[in-house]
Each structure stands twice: as C-alpha cells, then as structure tokens.
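Q: test case, fold it:
(chains A, B, C and D)
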Protein chains: 2
Amino acid sequence: MAGAKSAARTVTIIDIAREAGVSKSTVSLVLKMSPLVKDETRQRVTKAMDALGYVYNRGAASLRRSRSDIVGMVINDLANPFFAELAIGIERALQNSGFIPFVANTAESVVRQAEVVRSMREHGAAGLILCPALDTDAAEIERLGSGLPIVLAIRRIMGARASLVVSDNVAGAARATEHLVNLGHRDIAFLGGIGHMVVFQDRVAGFTRAMNQAGLAVQSSLIGESMPTKDGGFDAMSRLLSVDGRPTAVVCFNDVVAIGAMLAIARHGLVAGRDIAVVGFDDTTEARHVSPALTSVSVDTGGLGERAAQILLRQINEGERRLDMYTGEAMLVVRESCGARLGRRIAS
Amino acid sequence: MAGAKSAARTVTIIDIAREAGVSKSTVSLVLKMSPLVKDETRQRVTKAMDALGYVYNRGAASLRRSRSDIVGMVINDLANPFFAELAIGIERALQNSGFIPFVANTAESVVRQAEVVRSMREHGAAGLILCPALDTDAAEIERLGSGLPIVLAIRRIMGARASLVVSDNVAGAARATEHLVNLGHRDIAFLGGIGHMVVFQDRVAGFTRAMNQAGLAVQSSLIGESMPTKDGGFDAMSRLLSVDGRPTAVVCFNDVVAIGAMLAIARHGLVAGRDIAVVGFDDTTEARHVSPALTSVSVDTGGLGERAAQILLRQINEGERRLDMYTGEAMLVVRESCGARLGRRIAS
DNA sequence: GTCACAATTTGGAACGTTCCAAATATATAT
DNA sequence: ATATATATTTGGAACGTTCCAAATTGTGAC
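A: Numbers count the residues shown, from 1 in each chain, chains lettered A, B, ... in the order given. Model prediction:
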C-alpha cells in the first residue's frame, strides 16, 4: 500500500507545507491546534500529513521551545511487584498530562542510578520521580537533581531537599501491632529490613510505640534485621524459631520478608496463622496469592504513584520551588496469616 | 555551593568554548572522545565543562545527526512479574550499547499501545521491542511499526512481518505433559488461557502431542479456557473439580493460572502435589514462593529479553532488513506441586 | 471605492548540536 | 630558511521545529 518510497528521507513540516500549498508556519500552527487557522486550511494540511506519512519530531520542537515533555522515573527494583505497581500508578497519572515517562531500573546500584539520571537530564527530562537506591544520601540527591524538580518516592532520605511521597510507615506498623495485641499476643517480634533504612526505622518506631502503649516491652532480641528479601525473611525467622521463648506473632518489614518467614514457619512444621501469627507490609498482590493469605498493611501503592506524579507535574508546570510532602494512609488488611479469621486467639 | 546562578540560562557548548578559549567545534570533538584533540586542550575543556555544570543536549545532537539513541520498549503488562523480568533483561542488554530504553505499559489496551508507539516514534526511537497487547493483529503491527526496526517478544502474531523472540511453547508444554505421564498420570487436563492467543494454541499443541504420543486421548472437556489470571485459574479449576471423573493432573497455561488453580484445590480440601498434580509455565519467581512450590516450565525470561535487545540492536546498527527469529529453550523445573518430590505416583 | 478592523498567513531568526572543508600550528626533512 | 607532511583547530551550514513581527486577505461600514 501507499507506494514504496525508496530513499526514505524524513518527511518534515516543510514537505507538508509544499504539499498543502501553505507555509511551514501554518503547518506548525495546525500542529499545535491553534484556533488561528481557517478550517479549510487545517483540513488540507492534515490531509497532506497522512498522505506523506508525517511524524512529528518532538526533539526538534523541544529544542526550539527549550522544554521537553519527558519526565524521568527511576526505580530501584522493577522486579519487585511493589515498585512495579508504583510505576504503573505513576504512568497512569501521567497519561493525559502531555508528559511521557522515561523508566529506568537501578537495581539498587547507586552507580547505575547516577548514570540513568544523567542520561535523563541529557534527554532534557523536565522532572524526576526517584525511588532512591539503597545507599543514596542527601548529598547524592543534591548532585543528581540539582536544578530540576524532583520528587522522592517511598524512601525518605534524611536531609534531602526534595518533595516526598511516602506511606505512613509509623502508623501502619503500629496498627498491625495493635491488631496482634488485640488478638491476645504478648510476645511479638519485628522481622526483617536493615537498620540504616529510614523505612525500617519508621516501621520499627511504629511497632515500638504500639507495644509500649500496650504496656509491653520491646526487647532488642525481638527485632531481627535481615535483607528485605524472601531469603532474608526465611533466615531471620529460622533464627527466631531455633531459640527458646519464640514469639507468638511477628510483624514483618514487608510482604516478601513475611512470605519468607512463612516458609520458615512451615519448614519447622508449624502453621502460620495458627501457631504463629504473621503480618506483612505493603499489601502487594502476592499477599493475596500465598497460602495462608497474608494479612498486610496496605498502602495504596498505585495511589502513591499517582500522587507522586501529580506533585511532580505541579512543580514542573507552576515552577514551584516549594517542597511538597504527602503521606499516604496505611490500612490493615486482615486475611488469614494473623489467625484472626480463625477466631483463634493465641494466648501467650 | 558553586555560587547561585540566577537566571539559569542553559549552558551550551558555546559557553564551554568561550570559557576554555577554544571553538565550539573543538568542544564537540571532546564530547565525542575524538582522538584528534590534543590532551592539554581536552583537559581544559573538561574542566570548563564541570566548572559551568554543563549537561549535554542529546536532543539537539540527534536532531543534527538524524538518529537517536532511544529504543522503545512496549510492554503489555508490567505488573505481571513475568513481563517485568523480561523488561529487566532487555534493559540489561541495552546497558552498554549506547542506547537507552523508553519503557511504556499498555495494560493490554490496543488503543493505548498505538498511543505510546506513536509517542515513541515522535521521540525518534531507533527501534522497538513490542510485547503486543492482547488483540493486536498483523495489520496493526504494520501500521505501528512501518519503517522502523521492530522485534516482537513473547507473543507471536500470525502474519506479522517482524523479528520474533519467543519461548518454545510447544516443546515446553510437551515436556511438562510427558513428566506427568511418566509419574503415572492418565487423566490430564490443560487449564487456562484463551483460545485466540497464539501462545495458548502452541501450548495446547504441545500438550496434545505429548498426550497422543503416550497413547492418550485429549477430550475437549479436559481443555479449560480462562483468562490468564489467578482468578481465571481459580474458576477453571473449580469447574473441573465439581465434575465427576476429575483429572489427576493439570498442565496450566502459566504460573498465575497455576497458582489460582492451587488455591481452588486447597479450597476443595485437597492438596496440590498429593491429590492433584499441578504444573505451571514461565517459572516466575512466584513459582518458588508459593507452597507447595510450583513445578513449572522455565523459559529463561531475562535471557529472552536480552536476546530481543540484541536482535534489535543488530537490526538498528547494521540496517538489516532480514527478519530474525529466536526460540528460547524451555526446561521443566521440578518442585513440589507435581508430586514427584514425594516419590508418589498417582495411578489413574 | 476607501477605510478600519479582524482574521489568516508568512518569512526569517532562533534552539544546541554535528559535520565538512578549509585554516592554522607543529614537526620533519631538506 | 623552505617545503612537506602531520597534527590540531575552526567557521559556517545544516537538522526540524517554534516564535515573532510583519504581511496579506477578508469583511463591514461608510
């Protein structure tokens, strides 16, 4: 169809102009939907455009207008469903904004992170949504972001001057803990995550607050750090189980840790939700899929992403210098792994 | 630090030239690592660059050279860990190629797919890796891709003129089926997937071939279509279980379907791997995380992604018109859900 | 037919880079 | 010193768009 164009020189606005018998300026006006151009002209131009198979050159355009329609989205671990959901939320919110996201995965590498951010800047990104890699500090953020609007998502970074979208980790962990307390648990452990992550600190803080409010002490032996992965959760739980006076319930750093922990529980011949109550954090889709289904703190991941996008857009469009901060609500979703559904209350 | 530049006009190659006392051409040479420029000059220039905080404008560059370093990556469902892994594989292979991926999620919408592809072309993408949305046909591919190198991943599309990277669905399904046959199963069902997906057809073909080779008939009642989701798998399995003469084993369209099926099995008071053997397809990370661990056909997802990227790069760099096709090997990974680990052979 | 005004259309001159042909500097041989 | 070759450097002229000020066309009133 359409006759084989051989040499394939790119079709430009000027070719269209010639074909439609107008000037390039007019074509440009048509392109930007200007109300200035007469209807009949507009039609002639659009006809010429798809006759020649024109494709708009955004690069050239943003060179001239010196602003682009690209926003960067830098994710520390796309393989993690939690961050994938976040990314999708961001994309959704960007849908009709006139901006298009540039996604990159850093795999928790600060080096790679610097590379991709640099590349995004070189491509003229108008702003950045960043889920910082594990060892990113405020100085690094400053270095990376200098000048362009940037919103940090999920991982708070002490001292960083940037907008922020996080979930209410303290309240969420507290709520999960309270729930376990109400079910009659007294010996409750916190499992997984590494000490220098702010998210970890926040969640432990919530845990501790709820424990104290219930008049319970938090012994340091009941806070078991680990990598925030399934294997980490498995190991940490195994350690906990091999010791006398094991807890009757655990609040986990996140869902993957919780799932690892449940595996360890099963490996010890115990049943999660019956012998030991487990609750996770983030409420990823996996939480629903494991068996027993995981009770988890839901943070409306997609919603956080959308919010991050909105904040970024506002910052870009209004040239706001003010830093924004949004804390998403955390709700407990009760399923089976905490034992509540069994009507069972495990006394200490 | 670095003194507040107020008006923030962008720093260009020309500013650098002035600062370093050379011409813009020289700066350009430095930028492209040309061996032509004298070492001492090069140093002066680089110094000027980070003194002024220069950031390269790739847009302008690719306008002039009329080729960009962007490749598009269009994924039908990023929330699905399988495709997320694929995406990561692609990104990894692109890492040091000088190209940077532009990722977009279509959420199985053909409309959205057309939009994002268009946007990528407007941004000058040099090529495209496309995991087509569900209802994409050859004509649509033609429309979208016309002109630029494009490789289709995972989902084959009848009649589409494009390079292709898929896993060996026929052999994989056959292998899974044989395994069940060897364990003594006679009544084996195929579960999940929808009839007009080519992937479905291929996997059913492999299933049928293996059954026939074992002298077993495939009754149509034993092929249960469903959406390729957890819920779909749950429903299809439930249907199967409520009927007399239920199968003793099921080959599932993919892992999510299998996980849904296992849920249904549990709901019926049965145990997957003991009462009914289940095998999945794709071997996503989830397969390892469920309990009982899911036996699945592994397709080296990341590897497929890398291969797709390689093919695309070759096509771009060598301007090859020839269409490439790669079929990734499919291996069975035996875990618990098929019962093999129990040493148990379920007689029919 | 002329005037004033609104509605359309239109040539350049940017935007920040690369590329080419040509200029200049440096080294080497005479 | 001169000629020759080699190593560096350098002005434009693109690339495909937008924007501005100015030109052209159309309309209605006189």
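Q: how many residues are close by residue A:206?
A: Burial measure for residue A:206: 26 neighbouring residues, criterion other CB atoms under 10 Å in any protein chain shown. Backbone N, C-alpha and C define where each C-beta goes, glycine included.
Q: I'd assumed it was in a strand, is it?
A: No: read with DSSP: H, G, I helix; E, B strand; the rest coil, residue A:206 is helix and lies in no strand.
Q: quick one, grab the pLDDT at it.
A: pLDDT, residue A:206: 98.
Q: relative to residue A:252, how far out is the residue lying closest to it once chain neighbours are set aside?
A: Using CB to CB, 6 or more residues apart in numbering or on different chains and skipping residues adjacent in sequence, the residue nearest residue A:206 is residue A:173, 3.1 Å away. Distance of residue A:173 to residue A:252, given as CB to CB, to the nearest Å: 10 Å.
Q: which of those two has more neighbours?
A: residue A:252 (35 against 27).
Q: now the more buried one: phi and psi?
A: With angles defined as degrees, to the nearest 10, residue A:252 sits at phi -100, psi 150.
Q: and the nearest residue to it once chain neighbours are set aside, what element?
A: Nearest residue to residue A:252 in three dimensions, chain neighbours excluded: residue A:258, at 3.7 Å (CB to CB, 6+ apart). Residue A:258 is part of helix A:255-267, with elements assigned from DSSP states H and E.
Q: can you show me the helices along the stretch 101-250 of chain A?
A: A:110-122, A:138-145, A:169-182, A:198-213, A:230-241 (DSSP state H, counting those that start in this stretch).
Q: redo those as CSV? Include distance to residue A:41.
A: CSV is the format used below for the helices of the stretch 101-250 of chain A (distance: least, CB to CB, whole Å):
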stretch, distance to residue A:41
helix A:110-122, 38
helix A:138-145, 44
helix A:169-182, 58
helix A:198-213, 57
helix A:230-241, 62
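Q: out of those, which is closest to residue A:94?
A: helix A:110-122 (14.5 Å; CB to CB).
Q: so which elements touch that closest one?
A: In terms of contacts (3 or more CB pairs under 8 Å, 6 or more residues apart in numbering or on different chains; DSSP states H and E), helix A:110-122 is packed against strand A:70-75, strand A:100-105, strand A:127-130, helix A:138-145.
Q: what is the rounded mean pLDDT of that helix?
A: 96.
Q: kindly report the same for stretch A:57-72.
A: Stretch A:57-72 comes out at a mean pLDDT of 95.
Q: may I see the buried residues of it?
A: Residues of stretch A:57-72 classed as buried by neighbour count (16 or more other CB atoms under 10 Å in any protein chain shown): A:57-63, A:68-72.
Q: returning to what we had before: CSV for the helices and strands packed on helix A:110-122, including distance to DNA strand C?
A: Listed next are the helices and strands packed on helix A:110-122 as CSV, based on distance: least, CB to the nearest atom of the strand, whole Å:
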stretch, distance to DNA strand C
strand A:70-75, 15
strand A:100-105, 19
strand A:127-130, 18
helix A:138-145, 19
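Q: may I see the ones you listed organised as JSON lines, with distance to chain B added?
A: Converted to JSON lines, the helices and strands packed on helix A:110-122 look like this (distance: least, CB to the nearest CB, whole Å):
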{"stretch": "strand A:70-75", "distance to chain B": "8"}
{"stretch": "strand A:100-105", "distance to chain B": "4"}
{"stretch": "strand A:127-130", "distance to chain B": "13"}
{"stretch": "helix A:138-145", "distance to chain B": "9"}
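Q: switch those over to a markdown table; also include distance to residue B:40.
A: Listed next are those as a markdown table, based on distance: least, CB to CB, whole Å:
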| stretch | distance to residue B:40 |
| --- | --- |
| strand A:70-75 | 36 |
| strand A:100-105 | 36 |
| strand A:127-130 | 36 |
| helix A:138-145 | 28 |
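Q: in the sheet, who's paired with residue A:70?
A: residue A:100 (DSSP bridges).
Q: still on that earlier bit, check the buried residues of stretch A:57-72 against DNA strand D, which are close?
A: Within the set of those, contact with DNA strand D (CB under 7 Å from any atom of the strand) is found for A:57, A:60-61, A:63.
Q: center of chain A - which residue?
A: residue A:86 (3.5 Å; CA atoms, centre = their mean).
Q: if we ignore the residues flanking it in sequence, what's nearest that residue?
A: Nearest to residue A:86 is residue A:305, by CB to CB, 6+ apart, at 4.4 Å.
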